[in-house]
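Colleague: Got a sequence here, can you model it:
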Amino acid sequence: MQDFPGKTAVITGGASGIGLAMGEAFAAEGMNIVLADIEAQPLQQAVTRLQQQGANCIGVVTDVAEAEAVQALADRAVAQFGAIHVACNNAGVFTGGLLWEESLADYRWVLDVNLWGVIHGIRSFLPVMQAQNCECHMVNTASMAALTAMPYSGIYHMSKHAVLALSESLYHELAFHSPQVKLSVLCPEAINTGIARAERNRPRRYSDAGDVVSSDARDLVMESLAASVAGGLGPEIMAQRVLQAIRNEQFYILSEEAWRESANLRLDDIREGRNPTFAPPL
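Modeller: Okay, here's the model as predicted:
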């Protein structure tokens, strides 16, 4: 896709971080913007910010874990702007700890948002894009965690590995059946976002007694994540990578940093049949 003015982008997780940065980047190209997020007040603030920059922008409060909510988001975008040309399944959360200590609610929450949020986006946005019979592009946010596996964050890694595999299969299906719809998978490294505070968005259905387990391992990984993202790249860098990938019809949007080396070492382990190497990005 080369021509953006007047077209419409829908972005989940759009109230902050990479989602908001993508909204600003697309708006600068003259696109209509539909931001979706579970947090109503930050979402409205993000919409106001883009409108003040001259964007034609609306916000839709959306829990991507719910299929009906994502379908309502797609319906609202079409009702408001008549089409969906770019769809970014970007919402994501994180929790950490030892895999045998984390609660079933931890597993369900992370998978419901990180994986099922993408699944719902595929099922709701793609039929609209396919029916338009014009150039469109979907972006699924995974992570460099999709290409690596580190301790104390196994649920997150699992969810992002699934997003990557799902996206790779979808890439081939679109090439066979809907070649006018292109696909990218975004694999960010450490980015200065609010993901270390994802618990602020944790719905009550995942927060009953015993659902949030306090442990040394959990505290360790959350402190490490907070420090990592605080020193991470600005989300606007990811937004520009996405914009360029859409222009170039590029599928993999990967880190150029130490995470890439860790991912390559993991691939070497697989190719050579070695046991997994502990190789955190340095």
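Colleague: Tell me how many other residues crowd Met129.
Modeller: By other CB atoms under 10 Å, 24 other residues sit near Met129. The C-beta positions use only the backbone N, C-alpha and C, and glycine is treated the same way.
Colleague: pretty sure it is in contact with Arg123, am I right?
Modeller: No - judged on CB atoms under 8 Å, Met129 makes no contact with Arg123 at a distance of 11.9 Å.
Colleague: Return the set of buried residues in the host helix or strand of Ala69.
Modeller: For Ala69, the host element (DSSP states H and E) is helix 67-81. The neighbour-count check on helix 67-81 (16 or more other CB atoms under 10 Å) flags Ala69, Val70, Ala72, Leu73, Ala74, Arg76, Ala77, Val78, Phe81 as buried.
Colleague: Check those against Glu199 and report the nearest one.
Modeller: Ala69 (20.3 Å; CB to CB).
Colleague: For that closest one, which residues are in contact?
Modeller: Thr62, Asp63, His120 (CB atoms under 8 Å, 6 or more residues apart in numbering).
Colleague: Out of those residues, which sit inside strands?
Modeller: When these are checked against strands using DSSP state E, none is located there.
Colleague: how about those in CSV, adding pLDDT, neighbour count and distance to Glu199?
Modeller: Putting the contacts of Ala69 into CSV (pLDDT from 0 to 100; neighbours: other CB atoms under 10 Å; distance: CB to CB, whole Å) gives the following:
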residue, pLDDT, neighbour count, distance to Glu199
Thr62, 98, 26, 19
Asp63, 98, 21, 15
His120, 98, 25, 22
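Colleague: In TSV, list these along with distance to Arg200.
Modeller: Below are the contacts of Ala69 laid out as TSV (distance: CB to CB, whole Å):
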residue	distance to Arg200
Thr62	16
Asp63	14
His120	22
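Colleague: How many neighbouring residues does Gly210 have?
Modeller: Counted with other CB under 10 Å, the neighbours of Gly210 add up to 9.
Colleague: Which residue, neighbours along the chain excluded, lies closest to it?
Modeller: Sequence neighbours aside, Ser103 is the residue nearest to Gly210 in space, at 6.3 Å (criterion: CB to CB, 6 or more residues apart in numbering).
Colleague: per-residue confidence for the one you found?
Modeller: Predicted confidence (pLDDT) for Ser103: 96.
Colleague: Kindly list the main-chain dihedrals of it?
Modeller: Note on Ser103: backbone dihedrals following degrees, to the nearest 10 are phi -80, psi 160.
Colleague: All the strands of this protein, residue numbers only.
Modeller: Counting by DSSP E, the strands of the chain are 8-12, 32-37, 57-61, 86-89, 136-141, 181-186, 252-253.
Colleague: looking at these, which is closest to Leu98?
Modeller: strand 136-141 (25.9 Å).
Colleague: tell me what that closest one is packed against?
Modeller: Under the contact criterion of 3 or more CB pairs under 8 Å, 6 or more residues apart in numbering; DSSP states H and E, strand 136-141 touches strand 86-89, helix 116-132, helix 154-177, strand 181-186, helix 235-248.
Colleague: swap the cut-off to 7 Å and go again
Modeller: Here strand 136-141 touches strand 86-89, helix 116-132, strand 181-186, going by 3 or more CB pairs under 7 Å, 6 or more residues apart in numbering; DSSP states H and E.
Colleague: to the chain's geometric centre, what's the distance from it?
Modeller: Offset of strand 136-141 from its chain centre (CA atoms, centre = their mean, to the nearest Å): 10 Å.
Colleague: which residues sit in contact with Leu115?
Modeller: Applying CB atoms under 7 Å, 6 or more residues apart in numbering, we find Leu115 in contact with Ser159, Ala162, Val163.
Colleague: Who are the contact partners of the last one?
Modeller: Contact partners of Val163, counting by CB under 7 Å, 6+ apart, are Asn114, Leu115, Val118, Asn140, Ala142, Ala146.
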